[in-house]
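Peer 1: Output the structure for:
(chains A and B)
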Amino acid sequence: MATGGGAGNKTYSFKVVLLGEGCVGKTSLVLRYCENKFNDKHITTLQASFLTKKLNITGKRASFLTKKLNITGKRVNLAIWDTAGQERFHALGPIYYRDSNGAILVYDITDEDSFQKVKNWVKELRKMLGNEICLCIVGNKVDLEKERHVSVEEAEGYAESVGAKHYHTSAKLNKGIEELFLDLCKRMMETAQAEERAKGNGASQSTTSRRGVQIVDDDPQAATAAGGCCSSA
Amino acid sequence: IGGTDWECFGKKFEVLRQLSESSEDKVPLLDLLVLLFYSPMQHIHEYARLLLKLATCFDVSTVEYQRLQEGCSKYEALSLSLGRKRKEAETTNQFWRTYSGKTTDVLRNPQRRLVYESSNKSLTLQNAGRFSVNWFILFNDALIHAQAKWLRAINQAVEAVLTGEGSGPGVPAVSRTASYIFYKDLRLKDASYSGRWLSGKPHGKGIMKWPDGRKFTGTFKQGLEDGYGDCIMPNKILNKSDRYQGHWRDGKMHGFGTYRYATGQVYEGSFHENIRQGHGMLSSGKLIGSSSSVFVGQWLQDKKMGYGVFDDITRGEKYMGLWTDDQRQGSGVVVTQFGLYYEGTFSNNKMVGTGLLVSDDDTAFEGEFSEDWTPNGKGYLSMSNGDSIEGLFSGEWTSGLKITGTYMKPNLYELDKKQSTRVLELGRLAVCPEQKWKAVFSECWSRLGCEAPGQPEERMRAWENIAVTLTTGRRDSPELLSRSQSRVLEKLEVIPQHTGPVTARGYDVIQRYLTKACETPLHPLGGLLETLVTVYRITYIGVGSNRRLLQQAVEEIRSYLIRIFQLVRFLSPLIISVVQVSVSPHHLCCPGFCLTSSSLSTLLLPVLLPRLYPPLFTLYALDKEREEEVYWDCVLRLNKQPDLGLLAFLGVLPSTKNACFASAVKTLQQISTTFTPSDKLQVIQRTFEELTQEVQALLEGNFLLSMDDLLPLFLYVVLRARMRNLAAEVSLIEDLMDPYLQHGELGLMFTTLKACCFQIQQEKTT
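Peer 2: Modelled structure (predicted):
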């Protein structure tokens, strides 16, 4: 087992939960990021439900995707959990976001309601998980700028006021998505490192801990599997 | 043989003649018999020659040659010595035939041999009267009437006797079967023994009966009961008998055994020099089983000491806690058949000191106690609606409490009542799980021949002990073992070998060994498991089936896992490395997460959990009773709708209208037929796969489900599966699943099931 030392071969595993109203593009966002795939059709004709391309990473469902990256020499495994956005399932939120390291709150810039929904989520997450969770507020569908109903100033201002970062993305045009995830990973790593320091060295890496960072032994596959896109020095 | 009685041989005489292979017809019977008796002696010489011939087949320098030579010379020496003895016997015989003395009868004795007599070897008495006849006969043990030749002969004869060469025929065999009544031995006075003997002492299987009616049937060693034995000891006062069946050492009850007291009590467990010590179970009723009070736990010097569980049927209470000198002393928990729960300290068999008492309706009192169920002193009483009283309490719980204190109603200004209800924190005052059943584990360690926890250098010895235990167990087994059973035992004696890098195969080897070992009570691990299952069932079945014990029951299983893992790791150091790079199938489906914890559960839960499942699951079901009620209500109500209606109600995609997802429903129902969380998770995974396949078939081409659509679909499947106790299943999986799976895809699938279970309960209002 890896020890708490700073450098060395260790891998961070983070759980990131995707929250937001239905049809705002949660799934598309992750699909674009993990698989670099996008299908216009599924958004327009099938209520953002089915993609016509098969993913080979985790079977045939887009509700769970993983991504491996390499940030400043450290390996990061991201597990991205999709959630159901329908209002009737709102109460299920806590079951899904439990033990998350990060949350991506997506709204549709053409839909004022979806932004309101994000605000509700932020309130709930801060109340339940405190400041330990890294929040990203994402205005998706910037390709539809003409139909924008949520103003940039309002959204960014709100994000700042609650300690979250704001991003403008388009899953369709693959805009802003890399930055979003890279940024989120860095922030989660900082939080994790701070937590490690607070816990002190040694035994604190309770490997059985359900929450938070999991530090695991070097996995030789990870080195090769890390997507080239995010590798940086 | 003096008189030659032909008749006593009858027709057999012909047989004798044939045996002697003599051609003459009229050989006297006596000579014939003599010839026959001596004939084996002639063979000895033949044996020697045969060995010599054999020896020529080998090279002079080989061990075989040496051995054969040795054997040959031994045979020759034997032949010579027998020849000499025969000669002695013949001369003695000759002497007696011609003897004219009068004291023949006194002197004649089969062992006695003539050495010299003065008629052929002159011996004269000095100063003897001229006419007196002095006849001296020297036997190997006596000189009748009694100089240089003579003296030497006397000395030789004495020496021969002393070195044992002279002991002729008639000496009893060293080992034999015989009966005997003791008259001198203090312990065995007047006892009669029939059975195997060795060197004049009972040794081996035998039966000993004492005049007072005591009877021991079993094995002896050096005159003492040793090994397995069954002993019946009459109790005169009760006019019944005590009976002990079990292991003995040095004449004392020692090791594992069952003692049935004349009083009806039965003790099953460890003995140490006639005294109950170690882990044991005492049932007080007429029968072992549900109709009797049972104590199970640790004993020291014939008294309850350490952790133990006492199921008292006369009071309908079960105590699980610490004992000192047969008294409840220290921390413990009591549950009653009426649903009362107490945890706290005990002193002199009573609830004395700080304790927490919870009644079935969640009314709880925490404070000082002075008697059983009697608060006395400062305390805090909280009611199920959230109201509470703090103050001084006295009186018995069941017959009214006297209170001087303050009443608080915290919910007066709060609308959200759920938030403010204090969650009862149970188990703080109970015995911590690692303190439970220590004797059971230390007995397993001692069966392996080491102190707990074993040191790596003791490993080989432990394996030897396993092999010895299994072999003797196989040999001494009362019923005949089938060939396959024997083969299993034989296989278990072999250390699971694995070399090189850790692979799926190596993991399998160990997993298989472990499974077999745990199924075999003769194996120390199997024995341990059997005892653990017994104590677990005694603890959590019956009155112990109380929802407030759930957390403790789960913790107890976790503690077993850790302690069994310690044993397994000691026996096979390889395991630790195998587990770290886990290879079981479901790890492969989440490539994003390699294994982080040394997952005890992957390796050990499959052997442990199926046996503990019924009591554990009952506790979960009791714990989730209220949720289950709401859930089941809703399941029944929603299931009244036809497929289409229900799909629409749940908001499932219109394009999947014509599906009924029967195979997914069927798959999911299998969850209740599995025991371990990993098996249950696999069922969930298979359900999702079935679901995806059905959707794909419907929509043509490869589609992907986002959670927005997956959740309603899965909710439909869960509803149609109509599973009882779903909340209990979910809760069990959550508590015992591998923590590292939680963030993986299986984790998400499980979370979705949990979400559905929760959602169904919410649907009540809609």
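Peer 1: Give me the packing partners of the longest helix seen in chain A, helices and strands only.
Peer 2: Taking DSSP state H as the criterion, chain A has its longest helix at helix A:177-199. Helices and strands touching helix A:177-199, by 3 or more CB pairs under 8 Å, 6 or more residues apart in numbering or on different chains; DSSP states H and E, are strand A:11-20, helix A:26-35, strand A:64-71, strand A:74-81, strand A:102-108, strand A:134-140, strand A:165-168. Placement of C-beta: from N, CA and C, glycine included.
Peer 1: C-alpha coordinates for that helix, CSV please?
Peer 2: In CSV, the C-alpha atoms belonging to helix A:177-199 read as follows (Å, rounded to 0.1, in the frame of the first residue of the first chain):
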residue,chain,number,x,y,z
ILE,A,177,-15.2,20.2,-21.5
GLU,A,178,-11.5,19.3,-21.1
GLU,A,179,-10.9,22.4,-19.0
LEU,A,180,-13.9,21.6,-16.8
PHE,A,181,-12.7,18.1,-15.9
LEU,A,182,-9.0,19.0,-15.6
ASP,A,183,-9.8,21.8,-13.3
LEU,A,184,-12.1,19.7,-11.2
CYS,A,185,-9.5,17.0,-10.9
LYS,A,186,-6.8,19.5,-9.7
ARG,A,187,-9.2,20.9,-7.2
MET,A,188,-10.1,17.5,-5.9
MET,A,189,-6.5,16.6,-5.6
GLU,A,190,-5.8,19.7,-3.6
THR,A,191,-8.7,18.9,-1.3
ALA,A,192,-7.4,15.3,-0.9
GLN,A,193,-3.9,16.4,-0.2
ALA,A,194,-5.1,18.8,2.4
GLU,A,195,-7.1,16.1,4.0
GLU,A,196,-4.1,13.8,4.0
ARG,A,197,-2.0,16.4,5.6
ALA,A,198,-4.6,17.0,8.2
LYS,A,199,-4.8,13.3,9.0
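Peer 1: How far away from the center of its chain is stretch B:549-564?
Peer 2: The chain centre lies 21 Å from the centre of stretch B:549-564; the measure is CA atoms, centre = their mean, to the nearest Å.
Peer 1: So for it, what gets flagged as buried?
Peer 2: Using 16 or more other CB atoms under 10 Å in any protein chain shown as the test for burial, stretch B:549-564 gives B:549-557, B:559-561, B:563-564.
Peer 1: right, is that stretch up against chain A?
Peer 2: No - Stretch B:549-564 does not reach chain A (CB under 8 Å from any CB of the partner chain); its nearest approach is 10.3 Å.
Peer 1: List of residues touching that stretch?
Peer 2: Residues from elsewhere that reach stretch B:549-564, judged by CB atoms under 8 Å, 6 or more residues apart in numbering or on different chains: B:333, B:335, B:341, B:426-427, B:430, B:433-434, B:436, B:441, B:525, B:528-529, B:532, B:536, B:539-540, B:600-601, B:604-605, B:608-609, B:612, B:615-616, B:619-620, B:622-623, B:735-736.
Peer 1: In chain B, which helix is the longest?
Peer 2: Chain B, longest helix under DSSP H: helix B:63-98.
Peer 1: Now do that one: distance to the chain's middle.
Peer 2: 54 Å.
Peer 1: what's that helix packed up against?
Peer 2: By 3+ CB pairs under 8 Å, 6+ apart, helix B:63-98 packs against helix B:29-55, strand B:114-117.
Peer 1: What's the first helix or strand after the shortest one?
Peer 2: This points to strand B:114-117. strand B:137-139 (DSSP states H and E).
Peer 1: what's the burial count for residue B:309?
Peer 2: Residues near residue B:309, counting by other CB atoms under 10 Å in any protein chain shown, number 24.
Peer 1: Let me see the contact set for it.
Peer 2: Counting by CB under 8 Å, 6+ apart, residue B:309 has contacts B:294-297, B:318-320, B:535, B:538-539, B:544.
Peer 1: Let me have the residues you listed in JSON lines, extended by neighbour count.
Peer 2: Listed next are the contacts of residue B:309 as JSON lines, based on neighbours: other CB atoms under 10 Å in any protein chain shown:
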{"residue": "B:294", "neighbour count": "21"}
{"residue": "B:295", "neighbour count": "22"}
{"residue": "B:296", "neighbour count": "25"}
{"residue": "B:297", "neighbour count": "27"}
{"residue": "B:318", "neighbour count": "27"}
{"residue": "B:319", "neighbour count": "21"}
{"residue": "B:320", "neighbour count": "27"}
{"residue": "B:535", "neighbour count": "22"}
{"residue": "B:538", "neighbour count": "22"}
{"residue": "B:539", "neighbour count": "23"}
{"residue": "B:544", "neighbour count": "22"}
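Peer 1: which residue packs closest to residue A:27, ignoring adjacent ones?
Peer 2: Of all residues not flanking residue A:27 in the chain, residue B:706 sits nearest, at 3.7 Å (CB to CB, 6 or more residues apart in numbering or on different chains).
Peer 1: Let me see the confidence value for the one you found.
Peer 2: Predicted confidence (pLDDT) for residue B:706: 75.
Peer 1: do the one 10 residues further on as well
Peer 2: Note on residue B:716: pLDDT of 89.
Peer 1: What's the local residue count around it?
Peer 2: 26.
Peer 1: and it, that one's in a helix?
Peer 2: Yes - if the criterion is DSSP: H, G, I helix; E, B strand; the rest coil, then residue B:716 is within a helix.
Peer 1: For it, list the residues it contacts.
Peer 2: With contacts defined as CB under 8 Å, 6+ apart, the neighbours of residue B:716 are B:646-647, B:650, B:652, B:661.
Peer 1: Looking at neighbours, which among these is most surrounded?
Peer 2: For these, neighbours tallied by other CB under 10 Å; top is residue B:661, 25 neighbours.
Peer 1: Tell me if I'm right that that residue and residue B:694 touch.
Peer 2: Yes - counting by CB atoms under 8 Å, residue B:694 is a contact partner of residue B:661 at 5.5 Å.
Peer 1: before we move on, back to that, check the contacts of residue B:716 and tell me the two furthest apart.
Peer 2: B:650 and B:661 (11.9 Å; CB to CB).
Peer 1: Now do the SS call for the nearest residue to residue B:681 once chain neighbours are set aside.
Peer 2: Of all residues not flanking residue B:681 in the chain, residue B:746 sits nearest, at 4.9 Å (CB to CB, 6+ apart). Three-state assignment for residue B:746 (three-state DSSP): helix.
Peer 1: Do I have it right that residue B:746 meets residue B:686?
Peer 2: No - between residue B:746 and residue B:686 there is no contact under CB under 8 Å: 11.4 Å.
Peer 1: okay, these two: which has more neighbours?
Peer 2: Using other CB under 10 Å as the criterion, residue B:746 and residue B:686 rank with residue B:746 on top: 25 against 16.
Peer 1: Look up how far residue B:669 lies from that one.
Peer 2: 19 Å (CB to CB, to the nearest Å).
Peer 1: same deal with residue B:603?
Peer 2: 28 Å.
Peer 1: Looking at those two, which one has more neighbours?
Peer 2: A direct count of neighbours by other CB under 10 Å for residue B:603 and residue B:669 places residue B:603 higher, at 24 against 16.
Peer 1: The more buried one: which element?
Peer 2: helix B:600-623.
Peer 1: how about that helix, does it reach chain A?
Peer 2: No - judged by CB under 8 Å from any CB, helix B:600-623 and chain A are separated, with a smallest distance of 9.4 Å.
Peer 1: pLDDT-wise, which helix or strand of the chain ranks last?
Peer 2: Reading this off chain A. helix A:220-225 (a mean of 37; mean pLDDT, DSSP states H and E).
Peer 1: wrong one, I was asking about chain B
Peer 2: helix B:585-588 (a mean of 35).
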